[in-house]
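Student: Okay, sequence plus prediction incoming.
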Amino acid sequence: MPKKLTLDYSDGSTAQMGVTWDTSKVDTGKAGTYEVTGTVQQTSYNDPLVEMRADPYMIYNEDDEYYYFTGSYPTMNDADDRNRIGYDRLVIRRSKDINGLTDAQEVEVWHDGWMADEQAITQRQGEPPITATSGHRKFTRSEESGGSLPTPA
């Protein structure tokens, strides 16, 4: 029996994955026809991967072999901000594997009020695309109007 199968997905894509065959009902000492079932060996991921983060964004950085996850942090997690609705900071986590992001330490990379000339844009803040260049991470964020504001690197 094959060690790998080609899987066809509903979006038209295909993938090769290993399969574990259940041969427990096969009597190799007796000729006959047997039905054998198999289980595809595919990775399962935590669901949700990270709770309560809007606009999630994840990349894998081949340079340091870490997965990075960032998202907007809801103001409702703070006792002082229960009456505000929106997001007032961006956070990032990193881990050597995807499921490790669930419990990875979270680091704040931007918080509303860090820049003196900044307007209150916390109600509809989008996710920051992450780019890696020469060992540095760059975070960018745009206002609803499409303008761009610098963020701490």
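Tutor: The structure has been received and is ready for your questions.

Student: what's near enough to touch the nearest residue to residue 27 once chain neighbours are set aside?
Tutor: Excluding the flanking residues, the one nearest residue 27 by C-beta to C-beta, 6 or more residues apart in numbering is residue 34, at 7.8 Å. Bear in mind the C-beta positions are built from the backbone N, C-alpha and C, glycine included. Neighbour list for residue 34: 25, 26, 27 [criterion: C-beta atoms under 8 Å, 6 or more residues apart in numbering].

Student: can I get the residues you listed in a markdown table with secondary structure?
Tutor: Below are the contacts of residue 34 laid out as a markdown table (DSSP: H, G, I helix; E, B strand; the rest coil):
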| residue | secondary structure |
| --- | --- |
| 25 | coil |
| 26 | coil |
| 27 | coil |
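
Student: Most neighbours of all those residues, which one?
Tutor: Neighbour tally across the contacts of residue 34 (other C-beta atoms under 10 Å): the maximum, 13 neighbours, falls on residue 26.

Student: Who are the contact partners of that residue?
Tutor: 34, 36.

Student: let's see it at 6 Å
Tutor: Listed by C-beta atoms under 6 Å, 6 or more residues apart in numbering, the contact set of residue 26 reads residue 34.

Student: Then the one 5 residues further on?
Tutor: Neighbouring residues of residue 31 by C-beta under 6 Å, 6+ apart: there are none.

Student: For residue 19, see how far away the closest residue to residue 43 other than its chain neighbours is.
Tutor: Nearest non-adjacent residue to residue 43, counting by C-beta to C-beta, 6+ apart: residue 98, 8.0 Å away. Note on residue 98: its distance to residue 19, by C-beta to C-beta, to the nearest Å, is 22 Å.

Student: List the residues that contact residue 20.
Tutor: residue 39.

Student: Walk me through which strands the helix or strand containing it pairs with, and which way each runs.
Tutor: Secondary structure from DSSP states H and E places residue 20 in strand 14-22. Next to strand 14-22 in the sheet, as set by DSSP bridges, lie strand 4-8 (antiparallel), strand 37-40 (antiparallel).

Student: for those, which one sits closest to residue 102?
Tutor: strand 37-40 (23.2 Å; C-beta to C-beta).

Student: can the strands paired with strand 14-22 go into a markdown table with extra columns for mean neighbour count, mean pLDDT and distance to residue 53?
Tutor: Below are these laid out as a markdown table (neighbours: other C-beta atoms under 10 Å; pLDDT from 0 to 100; distance: least, C-beta to C-beta, whole Å):
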| stretch | mean neighbour count | mean pLDDT | distance to residue 53 |
| --- | --- | --- | --- |
| strand 4-8 | 12 | 91 | 30 |
| strand 37-40 | 12 | 92 | 30 |
